[in-house]
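Peer 1: Task: produce atomic coordinates for the following.
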Amino acid sequence: MSMRVVYSKKAKKSRKPTAEEKVKKPRDRNLRISCFTCNKTMSFELLKPTPPVVSKPVEKKPFVATWNPNQNNQDVKQNKAKERAKKRKRNNLSNLLESKKQAEEKEKKSNLLSLDDFMKL
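Peer 2: Okay, here's the model as predicted:
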């Protein structure tokens with residue numbers, strides 16, 4: 001025994017379809033059962049799926065942008081990660097500059113003789 005779903009054939013169209021014809025309509029479906037022993041076939045019509053409902057086109061309204069001053073606060077909150085990264089970078093650079101200045105000051109102090117050092121010589 002075999003069971004198959006058989007679809008109806010589409011008719012060939014020689015002209016361009018209109019807008020109404022472009023909407024896809026479901027084809028007829030039949031369940032065909034055939035017996036191998038007695039070669040008997042039986043056909044049952046299956047339910048047709050409901051065609052899609054065509055809705056009316058929606059009127060398009062022109063876009064009007066509105067500005068709300070409260071939106072500016074939300075933008076600041078979104079950039080916190082960038083701000084933290086900038087602060088970290090500034091901190092690193094300021095620490096490097098500070099250590100460089102301290103090293104230069106030590107170098108200057110080592111070149112100058114204090115009064116005690118001068119007296120010892």
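Peer 1: hey, let's count contacts and neighbours off CA atoms from now on
Peer 2: Will do.
Peer 1: Please state the offset of stretch 55-73 from the chain centre?
Peer 2: Offset of stretch 55-73 from its chain centre (C-alpha atoms, centre = their mean, to the nearest Å): 21 Å.
Peer 1: So for Lys101, what pLDDT did the model give?
Peer 2: Lys101 carries a pLDDT value of 92.
Peer 1: same thing with the one 5 residues further on?
Peer 2: At Lys106, the pLDDT value in this model is 84.
Peer 1: Specify the local secondary structure of it.
Peer 2: Under the three-state scheme (DSSP: H, G, I helix; E, B strand; the rest coil), Lys106 adopts helix.
Peer 1: Just give the number of residues close to it.
Peer 2: Close neighbours of Lys106, defined as other C-alpha atoms under 10 Å, add up to 11.
Peer 1: How much space separates it from Val54?
Peer 2: Plainly put, Lys106 is 85 Å away from Val54 if you go by C-alpha to C-alpha, to the nearest Å.
Peer 1: Lys86 too?
Peer 2: 55 Å.
Peer 1: Likewise for Ala81?
Peer 2: Between Ala81 and Val54 the computed distance is 49 Å (C-alpha to C-alpha).
Peer 1: Assign Cys38 to helix, strand or coil.
Peer 2: coil.
Peer 1: Same question for Ala65.
Peer 2: coil.
Peer 1: now the helix or strand containing Gln102: how far from the chain's centre is it?
Peer 2: Per DSSP states H and E, Gln102 falls inside helix 80-111. The chain centroid and the centroid of helix 80-111 are separated by 41 Å under C-alpha atoms, centre = their mean.
Peer 1: got the buried residues for that helix?
Peer 2: Within helix 80-111, not a single residue qualifies as buried, counting by 16 or more other C-alpha atoms under 10 Å.
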